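> Pasted the sequence and its predicted model underneath.
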Amino acid sequence: MTMRVAITTGGGDAPGLNAVIRAVVLAGTRRGWSMFGIRRGFAGLLDDAEPTPLPREAVRGITHLGGTILGTTNRGNPFSWPTVRDGVTVETDRSDELLDAFRRHRLDALIVVGGDGTLGIGQRLWEKGMPVIGVPKTIDNDVSGTVVTFGFDTAVTTATEALDKLHPTAEAHDRLFVVEVMGRHAGWIALHSGIAGTADVILIPEIPYDIAKVADKVHEREAAGRNFTIVVVAEGAIPKDGTVTLKEEQRAGQAARLGGVAERIAQELAERTGKETRMLTLGHLQRGGSPTTFDRLLALRFGAAAVRAVAEKRFGQMVALQPPNVVFVPITEALRGSRGVPLDADVLRTARDLGIALGD
Ligand code: F6P
């Protein structure tokens, strides 16, 4: 009997998701399997919709497209599903319903593409008996168990291009610019784009910053005749003795929305240095656009490997890049917490050697 295998994409999107879907569909159909897509993450198994058949034609010409043809959501946790009862929102466990739907659709395996949140749900479903294979994803590059995730290189490229464009205008006006990039728990995007885009200061969550040290760097540059400064800050950066900056109060069942740290730093630096200061938040631009060649290739490798994992019945495992190869590791590897920038990372040392201030 032919295998019926589904794929779903959950959590925030990342450039390369469509390349994963294409590789999964092509590698599966080559084996004679019937391939399906579950729309909007796990939510697609909890509504009455049928899984979407994904023949080869459905994935033509999508390798280079950002977003995901299956849609996604970061609000679809079946173990704590928001349900309104008597006008009050309560969280209910709908995982049994989800398993029933999976069996009713006669599916043999589910390939779950997501970050630690989505993979955590995948792990719990596997523990309940669903044959799950994981594919790690996030632009933040902070999923444990893999050396890199697809989407990261594209986000870094976007941020670097933005810094390249800001440089001349900052220099022309002798201004101080503070640029906020994504990175909730990890400073990979800030660090890589900041170095490549020749920022003067890079602030990351792993190194709490001292605003006085940042102001010192601005003064030091002025003394050397450099009258403009570019600060790159990860959205999750924290001041010494302070906390992360939130965009809005955290809502039940949702991750806190970070944002605003660049504005805070810009104000403080304007006061401390008297310089004309501007700030810019790159936000979701970093999640959009066509995946870079690196991300496309990694995503295609992950997708093809996920199908090999199904064929080998490696359920409960996920694909991971451990150069030079894509390997299989338990999904629990991804759940060991955010993979931040190690304080002894050579890339951090590179920044220091280049004279870039890190706020410490
Ligand atoms: O985890 C990826 C990420 O892009 C973070 O860098 C950012 O904090 C978050 O997603 C934004 O999520 P949302 O799209 O829900 O605003």
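Sure thing, it's come through.
> who's in contact with the nearest residue to G145 once chain neighbours are set aside?
Counting by Cβ to Cβ, 6 or more residues apart in numbering, E333 is the residue found nearest to G145 once chain neighbours are left out, at 3.1 Å. For every residue, glycine as well, the C-beta is placed using N, CA and C. E333 makes contact with S144, G145, M318, A320, according to Cβ atoms under 8 Å, 6 or more residues apart in numbering.
> got it, and V24?
V5, I7, M35, I111, G303, A304, A306, V307.
> ok, now with 7 Å
I7, M35, I111, G303, A306, V307 (Cβ atoms under 7 Å, 6 or more residues apart in numbering).
> number of nearby residues for the residue of the stretch 101-250 of the chain found nearest the ligand?
For the stretch 101-250 of the chain and the ligand, the shortest gap (Cβ to the nearest ligand atom) falls at M182, measuring 3.3 Å. By other Cβ atoms under 10 Å, the residues close to M182 number 27.
> try W188
29.
> quick one: pLDDT of it?
Note on W188: pLDDT of 98.
> Tell me the predicted confidence for the residue lying closest to it once chain neighbours are set aside.
The shortest distance from W188 to any non-neighbouring residue, by Cβ to Cβ, 6+ apart, is to N141 (4.2 Å). At N141, the pLDDT value in this model is 98.
> Wait, N141 touches V148, no?
Yes: the pair N141 / V148 is scored as a contact, 6.0 Å apart, by Cβ atoms under 7 Å.
> Other residues contacting stretch 13-21?
With Cβ under 7 Å, 6+ apart as the test, stretch 13-21 has contacts from 7, 9, 59, 62-63, 65-70, 72, 113, 135, 137-139, 150-151, 154, 287, 289-291, 295-296, 298-300, 302-303.
> Now intersect the residues you listed with the strands, please.
With DSSP state E as the criterion, strands contain I7, T9, V113, V135 from among the contacts of stretch 13-21.
> Remind me which helix or strand F177 belongs to.
Following DSSP states H and E, the helix or strand that holds F177 is strand 176-181.
> how about the helix or strand following that strand as PDB, C-alpha atoms only?
Following strand 176-181 in sequence order, the next helix or strand is helix 188-196 (DSSP H and E). This file holds the C-alpha atoms of helix 188-196, laid out as PDB (Å, rounded to 0.1, in the frame of the first residue of the first chain):
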ATOM      1  CA  TRP A 188      23.300  36.000  15.400                       C
ATOM      2  CA  ILE A 189      21.500  38.300  12.900                       C
ATOM      3  CA  ALA A 190      22.900  41.500  14.700                       C
ATOM      4  CA  LEU A 191      26.400  40.000  14.900                       C
ATOM      5  CA  HIS A 192      26.700  38.700  11.400                       C
ATOM      6  CA  SER A 193      25.000  41.700   9.600                       C
ATOM      7  CA  GLY A 194      26.800  44.200  11.900                       C
ATOM      8  CA  ILE A 195      30.200  42.800  11.100                       C
ATOM      9  CA  ALA A 196      29.500  42.400   7.400                       C
END
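> can you tell me if helix 188-196 touches the ligand.
No: residues of helix 188-196 are not located near the ligand by Cβ under 6 Å from any ligand atom, the shortest gap being 7.7 Å.
> So which elements touch that helix?
For helix 188-196, the packing partners by 3 or more Cβ pairs under 7 Å, 6 or more residues apart in numbering; DSSP states H and E come out as helix 152-173, strand 176-181, strand 201-203, strand 229-234, helix 346-353.
> more crowded one of N141 and V148?
More crowded of N141 and V148, by other Cβ under 10 Å: N141, with 27 against 19.
> How about the residues of the stretch 251-360 of the chain by the ligand?
R257, L258, R287.
> Checking F102 next. Helix, strand or coil?
helix (DSSP: H, G, I helix; E, B strand; the rest coil).
> State the distance from it to R75.
F102 sits 20 Å away from R75, going by Cβ to Cβ, to the nearest Å.
> Looking at the two, which is more packed in?
Counted by other Cβ under 10 Å, F102 and R75 do not tie: F102 has more neighbours, with 23 against 15.
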